[in-house]
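# Please find the sequence and the predicted model below.
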Amino acid sequence: MLRVGIIGYGTIGEDVAQVILQGDAGFVQLKVILVRDETKYPDTNSHGYVMTSSEDVFFAHDLDVVVESAGHEAVMKYGEKTLENGADLILVSVGALADEPLLLRIMEKARETGRKVMVPSAAIGGLDRIAAGSVGPMDEVTLVTRKPPKAWIGTLIEQKVNLAELTEPYCAFEGVARDSARLFPESVNVSAALSLAGIGFDRTKVKVYVDPHISHNTHEIEAKGKFGQINLQIRNTPSAGNPKTGYIVAMSVIKTLRDLTSPFVIGI
């Protein structure tokens, strides 16, 4: 049985923990969760796992897999340390890897330790086909992301436009994925995942819209290359606990955990 730790207990971390505890995540056991303040969760230790704010306590649990669901800062702080401690890393906040030196350090540490860094499809789809297509020449990849106004509360976009009074779609960003991942770390991790699967952060074109006419987070992907062409539209149901993300993100993490212990794996 794989010993699993989770970094972060927000919407995604909590959803992943609950599915593991229900026994629906494969042959895995939740051992420990790393949070900023464990006193906020006084009753969790009775559930068979430890809630701690100590990274030393967290990594002392001899983990096989660590699920990061705590944001870019957590990737910078714990990404390499997870690998050094002999665990594979399931990375949710993949936008952190738009920082090229961080990406190189984590990849080098993975090679040194013989561990893996795994990026679930999360809020996006088609990464298996994009990654396969990138083996041959790939000409272009574009991403158009649209989210309703409430998904942008508390972000940089709120400083640019009055979200409550918006009546037409507003283009908040047009550029390349490296910049979109840095500007919107909680909302455009999809552009980073797409870049890493395809032609890189500096060639992947991105547009980001605030759209008052929609209720679901949507992503439109177009890619062209030797393999042919892919056009994909995804509509994700926003999480009730955090409209910046969708339920599918936690589901994707669970699918990754299941694959690690399953004799049959599909969609890679």
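Perfect, thanks for sending it. All figures in this text were calculated on a predicted structure; none of them were measured in a lab. Numbers count the residues shown, from 1 in each chain.
# going forward, measure contacts and count neighbours with C-alpha atoms only.
Fine.
# and stretch 91-108, average pLDDT?
Stretch 91-108 carries an average pLDDT of 93.
# So for it, what gets flagged as buried?
Neighbour counts over stretch 91-108 (16 or more other Cα atoms under 10 Å) mark 91, 92, 93, 94, 95, 96, 97, 98, 102, 103, 106, 107 as buried.
# what's the spacing between residue 174 and residue 207?
According to Cα to Cα, to the nearest Å, residue 174 and residue 207 sit 4 Å apart.
# Likewise for residue 131?
On the measure of Cα to Cα, residue 131 and residue 207 end up 21 Å apart.
# More neighbours: these two, which one.
Ranked by neighbour count (other Cα atoms under 10 Å), residue 131 and residue 207 place residue 207 first, with 20 against 17.
# In contact with the more buried one, which residues?
143, 144, 145, 171, 172, 173, 174, 175 (Cα atoms under 8 Å, 6 or more residues apart in numbering).
# how many neighbours does the fifth one have?
Taking other Cα under 10 Å as the criterion, the count of residues near residue 172 is 16.
# repeat for the fourth one
By the criterion of other Cα under 10 Å, residue 171 has 14 neighbours.
# Can you tell me the element it falls in?
Element membership for residue 171 (DSSP states H and E) is strand 170-176.
# ok, residue 54 - contacts?
Contacts of residue 54 by Cα under 8 Å, 6+ apart are residue 34.
# Which helix or strand contains residue 83?
For residue 83, the host element (DSSP H and E) is helix 72-84.
# Report the secondary structure state of residue 179.
Here residue 179 is recorded as helix under DSSP: H, G, I helix; E, B strand; the rest coil.
# burial count for residue 159?
10.
# phi, psi of it?
As for residue 159, its main-chain torsions (degrees, to the nearest 10) stand at phi -80, psi -10.
# need the helices for the stretch 1-150 of the chain, in chain order.
Remark: helices assigned in the stretch 1-150 of the chain by DSSP state H, counting those that start in this stretch are 11-21, 55-59, 72-84, 100-113, 127-133.
# Point to the residue nearest the middle of the protein.
residue 92 (2.6 Å; Cα atoms, centre = their mean).
# Pretty sure residue 171 sits against residue 209.
Yes. Using Cα atoms under 8 Å, residue 171 makes contact with residue 209 at a distance of 4.5 Å.
# any idea which element residue 234 lies in?
Using DSSP H and E, residue 234 maps to strand 228-236.
# Buried residues of that strand, list them for me.
So strand 228-236, judged by 16+ other Cα under 10 Å, has buried residues 229, 233, 234, 235, 236.
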